[in-house]
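Q: Just the structure for this:
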Amino acid sequence: MFHVASRRALAAAVFSVSLASAAPAAAINLFSVQQDAQVGRQAAQDAERQLPMLRDGTTEGYVNAIVQRLAAVAPGPRFAYRARVVNTSDINAFALPGGYVYVNRGLIESVRNEGELAGVLAHEMAHVAQRHGTSQASKAYGAQIGVGLLGQVLGGRDHRLGIGEQILGNLGLSALFMKFSRNAESEADRVGAQMMARAGYDPMAMASFFDLLASKQRGNPSAVSQFFSDHPSPQNRSASIRAQAAQLGGGRVTQVGGLQTVQARLDQMPAASRRQAMSRTASRLRRR
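A: Numbering: from 1, shown residues only. Presented below is the predicted three-dimensional model:
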């Protein structure tokens, strides 16, 4: 009895230390890869019932062509990546576990070249590849129930089967919509830049997107306020990505092609939803 209790106590202590010092950002994760796909699908269905989705095959097809180029070189599990476009005017994007990527119409309309759009997509897909969403939910669950019970998970019993459902049963889908840590954001920048280089994009375009955000913040702050509520400031991130891009080196840059055609198509459509409506929807998702 003492031996079992000690083993659990030790496991709990190791878990608590790991939460504080784990690197990379997704090192602690109580979900299986299959559960990433399962809970991501559930969250995506919930999101798409509430978000104003843009039902345009041309725009969605173009975005997904870029996604598939990046998915071919993405690290980690072979998730079935796919993107949907949200009909809102603010500049933002997000991703859910399992490969569900969402890009706001305002972001597509604002980027200056395909590389900038690919940089945003690569960053969001890197969150998926590194399993940041379910890692974050695992840590939140640990904080809620305490390391003693988590010690049972790590102390000799295999509780992984069904643990994802248990976590979401306690925390709800809101656990998948929480703001990522600074470490996770930095890791997504780094992995995303690597994906861009492997896919034939110049990773410097990711940094130039942050320059675009800085310009928008000065001229039209409401357009990027949602992005800054979900992501760290781009100032230091731009410099870090430029340094990494220089190390990755240039290569033959190729494009899917068609951004200007898609942007012209969007310009002919009725105006996108206002940011305030999007914020209310996001708040409802986080409360679920």
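
Q: so where do the helices sit in the stretch 51-200 of the chain?
A: Listed from the start of the chain, the stretch 51-200 of the chain has helices (DSSP state H, counting those that start in this stretch) covering 57-71, 105-110, 114-129, 132-145, 147-154, 163-171, 182-199.

Q: and the ones you listed, which one's lowest on average pLDDT?
A: For the helices of the stretch 51-200 of the chain, mean pLDDT drops lowest on helix 147-154, to a mean of 50.

Q: between the helices of the stretch 51-200 of the chain, which gets nearest to L51?
A: Relative to L51, the nearest member of these by CB to CB is helix 105-110, separated by 11.3 Å. In short, each C-beta sits where N, CA and C put it, glycine included.

Q: Other residues contacting that closest one?
A: Outside of helix 105-110, the residues that reach it under the criterion CB atoms under 8 Å, 6 or more residues apart in numbering are 54, 59, 63, 85-93, 117, 120, 212, 216, 223, 262-263, 266-267, 272.

Q: Pull the number of nearby residues for R41.
A: A total of 16 residues lie near R41 under the criterion other CB atoms under 10 Å.

Q: Sorry, wrong one. I was asking about S273.
A: Burial of S273 is recorded as 20 neighbouring residues (other CB under 10 Å).

Q: Repeat that for A272.
A: Applying other CB under 10 Å, we find 21 other residues in the vicinity of A272.

Q: From V262, how far out is the nearest residue to it once chain neighbours are set aside?
A: Excluding its sequence neighbours, the residue lying closest to A272 (CB to CB, 6 or more residues apart in numbering) is S89, at 4.1 Å. Between S89 and V262 the distance is 16 Å, computed by CB to CB, to the nearest Å.

Q: ok so, going back, buried ones among the contacts of helix 105-110?
A: 54, 59, 63, 85-93, 117, 120, 212, 216, 223, 262, 266, 272 (16 or more other CB atoms under 10 Å).
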